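Asks: Give me the fold of what follows.
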Amino acid sequence: MLERIKKWKWKDVDWKKLDYPRIALTAVFLLAMFLLGRAVGAATHSTAAASAIARSPENWGLGFGQEGSQPSGNASAAELAKYNAYYVGNAQDKVIYLTFDAGFENGNTEPILDALKKHNATATFFVVGHYLESAPELIKRMVAEGHTVGNHTYHHPDMSGILDKETFAKEMNDVSALYKEITGQEMTPFYRPPQGKYSIENLKMAQEMGYATFFWSLAYVDWYQDKQPTKEEAFDKLLSRIHPGAIVLLHSTSQTNGEIMDELLTKWEEMGYTFKPLSDLLNKMDN
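Replies: Numbering: from 1, shown residues only. The predicted structure follows:
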């Protein structure tokens with residue numbers, strides 16, 4: 001065979017006897033198969049990439065610019081809104097949406113509630129299962145004083161690592177069931193991912209369950225029990241970075257927050273801000 005190939009020459013071809021229609025049809029078929037293979041490969045790659053994006057975990061983060069202006073998030077407000085998720089309100093409204101993450105009770109929630117009541121400010125408390133189990137009377141007080149209690153999952157896991165809807169739903173439903181047992185009311189479907197860890201797939205799961213997801217546009221390091229910020233450090237961050245439409249995340253476990261809350265709310269009011277519940281933000285987004 002190799003010898004025959006070596007001896008083969010173009011001049012030996014009998015061009016009159018070639019089956020040109022068959023050659024053309026074969027060429028068209030081979031070209032079509034080549035193009036189809038490339039299209040299937042591209043579609044497979046695109047689908048895999050989309051799946052990776054959907055399941056890829058993210059840590060919520062912010063980038064601050066000019067003082068008094070809204071920060072950028074690692075996902076835009078428009079992108080998050082597709083999944084009924086939010087991190088900031090209207091940039092033209094000098095409104096603050098106060099939120100507190102409540103993992104356990106250590107005596108600081110009451111002074112926070114006292115300050116909120118004094119300023120006629122409503123907030124959202126995102127609670128976990130342990131808080132509901134250990135502090136039901138504080139949950140009742142929150143509700144009685146007009147605050148919203150939101151869902152921070154039962155066990156506070158990294159929800160971005162949960163890929164099946166059943167496990168995701170159980171973390172959410174166990175909180176709402178215990179809340180109803182304590183208050184006799186249905187839980188407002190507001191959700192905050194623990195540690196700010198999420199994936200697009202998680203946001204879709206929460207949306208399908210009827211939840212709105214809330215991240216934040218202002219927070220500071222207030223959760224270390226053995227390394228609480230000073231009053232001056234707290235004010236430095238919370239006053240300089242406040243901005244219109246801010247969703248502020250504070251921790252109800254923080255002793256510093258309990259001590260400064262009255263003064264902090266006063267200073268924000270002196271800067272021209274008012275306090276509104278997260279339901280106000282949703283109403284504005286719908287209009």
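Asks: Other residues contacting stretch 73-85?
Replies: Contacts to stretch 73-85, defined as C-beta atoms under 8 Å, 6 or more residues apart in numbering, come from residues 58-63, 86-88, 200, 203-204, 206-207, 211-215, 217, 285. Quick note: C-beta positions are derived from backbone N, CA and C, even for glycine.
Asks: Going by contacts, tell me the helices and strands next to the helix or strand where Glu259 lies.
Replies: Counting by DSSP states H and E, the element that carries Glu259 is helix 255-270. Under the contact definition 3 or more C-beta pairs under 8 Å, 6 or more residues apart in numbering; DSSP states H and E, helix 255-270 sits against helix 109-118, helix 231-240.
Asks: Okay, buried residues for that helix please.
Replies: 256-262, 264-265, 268 (16 or more other C-beta atoms under 10 Å).
Asks: Which residues are in contact with the most centrally placed residue in the chain?
Replies: Nearest to the centroid of the C-alpha atoms of the chain, with distances taken as C-alpha atoms, centre = their mean, sits Phe215, at 5.1 Å. By C-beta under 8 Å, 6+ apart, the contact set of Phe215 is 60, 73, 80, 85-87, 192-193, 196, 247.
Asks: could you redo the last one with a cut-off of 6 Å?
Replies: By C-beta atoms under 6 Å, 6 or more residues apart in numbering, the contact set of Phe215 is 60, 87.
Asks: Ramachandran angles for it?
Replies: Per-residue torsions, Phe215: phi -90, psi -140 (degrees, to the nearest 10).
Asks: Would you mind checking which of the buried residues of helix 255-270 is nearest to His119?
Replies: Leu265 (4.5 Å; C-beta to C-beta).
Asks: hang on, the earlier thing: which stretch among the helices and strands packed on helix 255-270 is buried most, on average?
Replies: The highest mean neighbour count among the helices and strands packed on helix 255-270, using mean count of other C-beta atoms under 10 Å, belongs to helix 109-118: a mean of 18.
Asks: what packs against that helix?
Replies: In terms of contacts (3 or more C-beta pairs under 6 Å, 6 or more residues apart in numbering; DSSP states H and E), helix 109-118 is packed against helix 255-270.
Asks: Tyr83 versus the residue nearest to the centre of the chain, what's the distance?
Replies: 11 Å (C-beta to C-beta, to the nearest Å).
Asks: what does Gln228 give?
Replies: 35 Å.
Asks: between the two, who's got more neighbours?
Replies: Tyr83 (21 against 18; other C-beta atoms under 10 Å).
Asks: Appreciated, that's everything.
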